[in-house]
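[1] here is a sequence with its predicted model. Questions after.
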Amino acid sequence: MATVNFTDFEGNARSVEANTGDSVMETAVRNGVEGIVGECGGSLSCATCHVFVADSDLESLEPMSEMEDEMLYGTAVDREENSRLSCQIKLCEGQSINVTTPETQV
């Protein structure tokens with residue numbers, strides 16, 4: 001199992017247990033976490049699962065692909081240095097990750 005700690009743009013926090021190998025987006029949608037839409041279902045064809053990853057967790061993630069980088073230019077809220085698409089963050093056994101959702105996804 002893994003843990004995803006979601007914080008919304010207002011500072012409300014929620015921790016969710018996640019299956020190893022699932023994405024942060026799949027975990028959010030399955031558990032009704034507000035702030036992540038995941039409109040394309042994780043096929044990397046929208047940007048409605050944009051999150052800001054805690055700086056302390058960025059180095060533990062796989063590098064961003066070129067396609068993800070391009071998709072981040074289409075987010076509803078401007079991207080930042082720590083922006084990622086949560087559908088592209090696959091969770092490892094025992095991992096704990098902290099993400100913040102933007103004010104809106106659409």
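    Received it, and whenever you're ready, just let me know what you need.
[2] center of the chain, which residue is that?
    Closest to where the C-alpha atoms of the chain average out (C-alpha atoms, centre = their mean) is Ser86, at 2.6 Å.
[3] is it true that it touches Phe52?
    No - counting by C-beta atoms under 8 Å, Ser86 does not reach Phe52; the two are 10.2 Å apart. C-beta: built from backbone N, CA, C; applies to glycine.
[4] and for these two, which residues touch both?
    Both Ser86 and Phe52 are in contact with Val99, where contact means C-beta atoms under 8 Å, 6 or more residues apart in numbering.
[5] please enumerate the strands of this protein.
    Along the chain, counting by DSSP state E, strands occupy 2-7, 13-18, 50-53, 83-85, 96-100.
[6] which parts of this structure are helices?
    For the chain, the helices defined by DSSP state H occupy 24-30, 55-58, 66-71.
[7] most tightly surrounded among those helices?
    Greatest average neighbour count among the helices of the chain goes to helix 24-30 (a mean of 22), per mean count of other C-beta atoms under 10 Å.
[8] hmm, back to that, looking at the strands of the chain, which is nearest to Leu44?
    Among the strands of the chain, the nearest to Leu44 by C-beta to C-beta is strand 83-85 (7.0 Å).
[9] before we move on, the earlier item: can you put the strands of the chain in CSV and add mean neighbour count?
    Below are the strands of the chain laid out as CSV (neighbours: other C-beta atoms under 10 Å):
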stretch, mean neighbour count
strand 2-7, 20
strand 13-18, 14
strand 50-53, 24
strand 83-85, 24
strand 96-100, 19
